[in-house]
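Asker: based on what follows, work out the 3D shape:
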Amino acid sequence: MSVLDLSKLNDKNPAHWTDSGEPSLAAVKAIVGRAVSRDEVRASGRMRGQGASAKPVVNHTLEIAKRALATQEAIKRLAAAKALSRETSAVIAAVHAEMMRASPPPSSDEIYRAHLAALAKHKPAEPVEVKAASKLDAIMQAAPRRGARDVTGNTRRVWSIR
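Answerer: Numbering: from 1, shown residues only. Just a heads-up that it's a prediction; the model follows:
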């Protein structure tokens, strides 16, 4: 005698069940595809309300305890990582302090003197004379610009050609 797979029985369909809650032999025959005895159906252990849709029994206290233990382990790992980070930061601070003692930053006077020495080595660029391509370009280059100052130092407006 083999155990029957009666997972396709529908708990909400009254045609699949007897009044006592056992599977109907006609419904089982339709699912399995052969005639079965009541003893074979009882051997499967399937009763109404025990279908796949039935919720599994969960021990919530045990699940909460497992999650609490996992949380405690995560807190321990975090504390260890924080301690390692503090140690690393202390080592970096010590190395930085030693570097500052070995080569302190230059003072303002030293920076200014270095700048003046660089300027003394710098050769200024030679001015380039711009040659006009035509007579009109020469006149336009010599013309006062909008908002330019005249000989007296006053600003005068020069209107452009529109």
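Asker: could you measure from the spatially most central residue of the chain over to K12?
Answerer: Nearest to the mean C-alpha position of the chain, by C-alpha atoms, centre = their mean, lies L78 at 20.4 Å. Separation of L78 from K12 (C-beta to C-beta, to the nearest Å): 49 Å. (Each C-beta comes from the backbone N, C-alpha and C, glycine too.)
Asker: how about the helices of this structure, start to end?
Answerer: Here the chain has its helices, by DSSP state H, at 25-32, 38-44, 60-102, 108-121, 135-142.
Asker: state the mean pLDDT of the last one.
Answerer: Regarding helix 135-142, the rounded mean pLDDT is 80.
Asker: now do the shortest one
Answerer: Helix 38-44 carries an average pLDDT of 82.
Asker: low-confidence ranges, this protein, go.
Answerer: Along the chain, segments meeting pLDDT under 70 span 1-3, 49-56, 143-162.
Asker: which one of the helices of the chain lies nearest to H16?
Answerer: Distance to H16, taken as C-beta to C-beta, is lowest for helix 25-32 among the helices of the chain, at 4.2 Å.
Asker: and that closest one, how far from the chain's centre?
Answerer: A distance of 55 Å separates the centroid of the chain from that of helix 25-32, by C-alpha atoms, centre = their mean, to the nearest Å.
Asker: cool, stretch 110-124 as well?
Answerer: Between the centre of stretch 110-124 and the centre of its chain there are 48 Å (C-alpha atoms, centre = their mean).
Asker: tell me which residues are up against it.
Answerer: For stretch 110-124, contacts defined as C-beta atoms under 8 Å, 6 or more residues apart in numbering pick out P106.
Asker: alpha carbons only: can I get it in PDB?
Answerer: The C-alpha coordinates for stretch 110-124 follow below in PDB (Å, rounded to 0.1, in the frame of the first residue of the first chain):
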ATOM      1  CA  GLU A 110      59.500  81.400   4.300                       C
ATOM      2  CA  ILE A 111      56.600  81.200   1.900                       C
ATOM      3  CA  TYR A 112      57.000  84.900   1.000                       C
ATOM      4  CA  ARG A 113      60.800  84.600   0.500                       C
ATOM      5  CA  ALA A 114      60.300  81.500  -1.700                       C
ATOM      6  CA  HIS A 115      57.700  83.500  -3.800                       C
ATOM      7  CA  LEU A 116      60.100  86.400  -4.200                       C
ATOM      8  CA  ALA A 117      62.900  84.100  -5.300                       C
ATOM      9  CA  ALA A 118      60.600  82.500  -7.900                       C
ATOM     10  CA  LEU A 119      59.700  86.000  -9.200                       C
ATOM     11  CA  ALA A 120      63.400  86.900  -9.500                       C
ATOM     12  CA  LYS A 121      64.000  83.800 -11.700                       C
ATOM     13  CA  HIS A 122      60.900  84.600 -13.800                       C
ATOM     14  CA  LYS A 123      61.600  86.400 -17.100                       C
ATOM     15  CA  PRO A 124      58.800  88.700 -18.100                       C
END
